[in-house]
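Trainee: Structure for this input, please:
(one chain, ligands or ions: 1)
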Amino acid sequence: MSADVLLQRLDKVQKSGRGWRALCPACGGRGRKLSITESDDGRLLLHCFAGCPAGAVVQAVGLTLADLFPEAPEDDKDKPEDRRRRRRAAREAQWGAALEMLDFEATIVAIAAADLAAGKALSDEDAARLALARERIDGARTVLRDLQPWRPSERFVSGEAAA
Ligand SMILES: [Zn+2]
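Mentor: So this is what the prediction gives:
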């Protein structure tokens, strides 16, 4: 996906050095906390200075982590192993981001659970954040389930693990 598609979905986009800064769609606020840069291989790299996982940022604008990867060139000279490598890199990035999201949101749930266990009531703000955590956990679980990372994948079957 080209950077434009993402940038169109963000607010207050401003060019900054080699990339852009924008409002973070996941955590909101008024500051341009989200940094967007493009890696040398055309991948879009997201960093929220408030700590939002990249998966949460793309989810908030209706995209997926796979969208952060450049489209495969429509070129017959493109070798099958290159295509496979790209697909694998995209899949592994999705798994990694889903795990990062689970880790992050599990912390939110754990804090709420500790408050409840201590007999404290959740504020409306806490309850809303907890609802968001549930939504993100569901999203991450869907990624992990659909991509079946825990099953042997082609890389083990095809002997490419050492590559
Ligand atoms: Zn954020």
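
Trainee: mean confidence for whatever helix or strand residue 138 lives in?
Mentor: Element membership of residue 138, judged by DSSP states H and E, is helix 124-147. Across helix 124-147, the average pLDDT comes to 86.

Trainee: Centre of the chain to that helix, how far?
Mentor: Taking the mean of its C-alpha atoms, helix 124-147 sits 13 Å from the chain's own mean (CA atoms, centre = their mean, to the nearest Å).

Trainee: So is it next to the ion?
Mentor: No: legend: contact between helix 124-147 and the ion by CB under 5 Å from the ion is lacking; minimum distance shown is 11.7 Å. Backbone N, C-alpha and C define where each C-beta goes, glycine included.

Trainee: hmm, who's touching that helix?
Mentor: Residues external to helix 124-147 that are found in contact with it (CB atoms under 8 Å, 6 or more residues apart in numbering): 55-56, 59, 64-65, 91, 94-95, 97-99, 101-102, 105-106, 108-109, 112, 115, 122, 150.

Trainee: 7 Å instead?
Mentor: For helix 124-147, the surrounding residues in contact (CB atoms under 7 Å, 6 or more residues apart in numbering) are 55-56, 59, 91, 94-95, 98, 101-102, 105, 108-109, 112, 122.

Trainee: and the closest residue to residue 67 other than its chain neighbours, what does it touch?
Mentor: Leaving aside its sequence neighbours, residue 67 sits nearest to residue 1 (CB to CB, 6 or more residues apart in numbering; 4.5 Å). By CB under 7 Å, 6+ apart, residue 1 lies in contact with 67, 68, 71.

Trainee: Drop anything exposed from the residues you listed.
Mentor: The neighbour count (16 or more other CB atoms under 10 Å) marks residue 68 as buried among these.

Trainee: now, among the contacts of residue 1, which is nearest to the ion?
Mentor: Nearest to the ion, judged by CB to the ion, of the contacts of residue 1 is residue 68 at 15.6 Å.
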